[in-house]
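Visitor: predicted structure and sequence below. I'll ask about it afterward.
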Amino acid sequence: MDKNKDLLFPDSWNPQIDPYSVPLDEIDVSNPDLFLHDAMWPYFERLRKEDPVHYCEESCVEEVGSYWSVTKFNDIMSVDSNHKIFSSQGSISLFDQNEDFITPMFIAMDPPKHDIQRKAVNPVVAPSNLKNMEGLIRERTQEVLDSLPRNKTFNWVEKVSIELTTRMLATLFDFPFEDRQKLTRWSDVSTARPGDGVVETEEQRFDELRECLAYFTSLWNERVNAEPKTDLISMLAHNPETRNMEPMEYLGNLILLIVGGNDTTRNSMTGGVLALNQFPEQYDKLKENHNLITSMVPEIIRWQTPLAYMRRTALEDIELNGKKIKKGDKVIMWYVSGNRDEDIIENPNSLIINRERPRHHLSFGFGIHRCVGNRLGELQLEILWEEIMKRFDNIKVMGEPTRIRSSFVKGYSYLPVEID
């Protein structure tokens, strides 16, 4: 067993390994190198077929330990919508929070505190506010697209995906526009693990997040003494249920809102361009009928699945799909696998922009923790593709993307493209 495990997971992913030759109990899909090389798909396919609720006794990733993988669509829904048994309290990732740097956030809370804090930020993504923001989102999208080079290869992630989502974050927080790149950096730092290419040590990560807290504390102090406005900081500062948060809880919720407003949309913006190039017949279909953007956007979000999983912790012993999960066990809902479940989604590995039920996917979660900003994310993507189709006949991918080394954030740092 140990010999095979060393072969499967040495310092990096080994492409010579046949996923169907690995003993079932040795499969460990927490390995970030699988995601770096986009090599996790056959492992998830096998788990869905042979062991849909799979126990990994020891992750190859230090500090993770043992965990359960839930890989089928309906099983994931069962876990996600049962917060009384499968708790979010403490951590939503494979990693427990460092005891010296705990950042509570409402996505990692159970009711009633979760409900109270979520309610405080709900107004920023209410339909009326989204309608008010639509013009600004479109104007900024037009500016970014009109500035792109022609007949020259450039990095779509940097020039479009990061730039647009960072501008949106600055708007949501009413954050100083000239400093908006800090938001992207803090988002990357908050989800990074030492050695993955973002931070070198855990202490560096903590130091940068303390800088984030200091910056946002200054903004809080300005807003709490001013008239209430519709930005997220003002909403938290003036809501009686959140205005007395401890500093680390304030930081935790900031991280949640920054990552939620950044990673999901950013990586779907890139994933959509990549997917349409991988499925050119779908790109042709879009060129013939721009009205398909409405169904294409949720299909891109399904196909990409920008956050690969969410974690829960069992509050009591329970049986799931024939497996006995014990109180205290980590339970990982692999959205990235559920969104490719052949029993639920027809031809799930393909992008099909005119699916009949395009929103029947797991990328936003289910139950009380369903993504609070899902409609804002869809709106940004809809506007982006509307403006793309007005301008460009074709966005050509010129080489392989560089993916993020993370089993949590399923994204990209580089996608070379060229616009005719």
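Guide: Arrived safely. Residues are numbered from 1 along each chain as shown.
Visitor: so residue 151 touches residue 398, yeah?
Guide: No. The pair residue 151 / residue 398 is not scored as a contact, 11.4 Å apart, by CB atoms under 8 Å. In short, each C-beta sits where N, CA and C put it, glycine included.
Visitor: of these two, which one has the most company?
Guide: A count of neighbours by other CB atoms under 10 Å puts residue 398 above the other of residue 151 and residue 398, at 12 against 7.
Visitor: now the more buried one: closest residue in space, sequence neighbours ignored.
Guide: Residue nearest to residue 398 in three dimensions, not counting chain neighbours: residue 416, with 4.3 Å by CB to CB, 6 or more residues apart in numbering.
Visitor: for the one you found, which residues are in contact?
Guide: 153-156, 397-399 (CB atoms under 8 Å, 6 or more residues apart in numbering).
Visitor: if I look at it, how far off is residue 365?
Guide: Counting by CB to CB, to the nearest Å, the separation of residue 416 from residue 365 is 32 Å.
Visitor: swap in residue 242?
Guide: Distance of residue 242 to residue 365, given as CB to CB: 22 Å.
Visitor: next one: residue 73 from residue 245, what distance?
Guide: Applying CB to CB, the value for residue 73 to residue 245 is 36 Å.
Visitor: quick one, strands of the stretch 301-420 of the chain?
Guide: Here the stretch 301-420 of the chain has its strands, by DSSP state E, counting those that start in this stretch, at 310-314, 318-320, 323-325, 330-333, 395-397, 402-403, 412-414, 416-419.
Visitor: meant to ask about the stretch 151-300 of the chain
Guide: Per DSSP E, counting those that start in this stretch, the stretch 151-300 of the chain carries strands over the ranges 154-155.
Visitor: give me the common contacts of residue 151 and residue 398.
Guide: residue 418.
Visitor: low-confidence stretches in the stretch 101-250 of the chain?
Guide: For the stretch 101-250 of the chain, the stretches flagged by pLDDT under 70 are 101-110, 113-114, 117, 120-121, 124.
Visitor: all helices of it, in order?
Guide: Secondary structure of the stretch 101-250 of the chain (DSSP state H, counting those that start in this stretch): helices located at 113-121, 127-146, 156, 163-173, 181-191, 202-224, 232-238, 247-278.
Visitor: can I get these in a markdown table with mean neighbour count and distance to residue 407?
Guide: A markdown table is the format used below for those (neighbours: other CB atoms under 10 Å; distance: least, CB to CB, whole Å):
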| stretch | mean neighbour count | distance to residue 407 |
| --- | --- | --- |
| helix 113-121 | 18 | 25 |
| helix 127-146 | 14 | 30 |
| helix 156 | 25 | 23 |
| helix 163-173 | 22 | 21 |
| helix 181-191 | 20 | 11 |
| helix 202-224 | 16 | 17 |
| helix 232-238 | 21 | 28 |
| helix 247-278 | 23 | 14 |
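Visitor: looking at those helices, which is closest to residue 25?
Guide: For residue 25, the closest of the helices of the stretch 101-250 of the chain is helix 181-191, at 29.0 Å, according to CB to CB.
Visitor: could I have the CA atoms of the closest one written out in CSV?
Guide: Output of helix 181-191 as CSV, limited to C-alpha atoms (Å, rounded to 0.1, in the frame of the first residue of the first chain):
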residue,chain,number,x,y,z
GLN,A,181,-5.3,45.2,-6.9
LYS,A,182,-4.9,44.7,-3.1
LEU,A,183,-8.3,42.9,-3.2
THR,A,184,-7.1,40.4,-5.7
ARG,A,185,-3.9,39.7,-3.7
TRP,A,186,-5.8,39.3,-0.4
SER,A,187,-8.2,36.9,-2.2
ASP,A,188,-5.4,34.8,-3.5
VAL,A,189,-3.5,34.8,-0.1
SER,A,190,-6.6,33.8,1.9
THR,A,191,-7.1,30.5,0.0
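Visitor: residues in contact with the residue nearest to residue 304 when sequence neighbours are not counted?
Guide: Nearest non-adjacent residue to residue 304, counting by CB to CB, 6+ apart: residue 271, 3.3 Å away. Counting by CB under 8 Å, 6+ apart, residue 271 makes contact with 300, 303-304, 306, 412.
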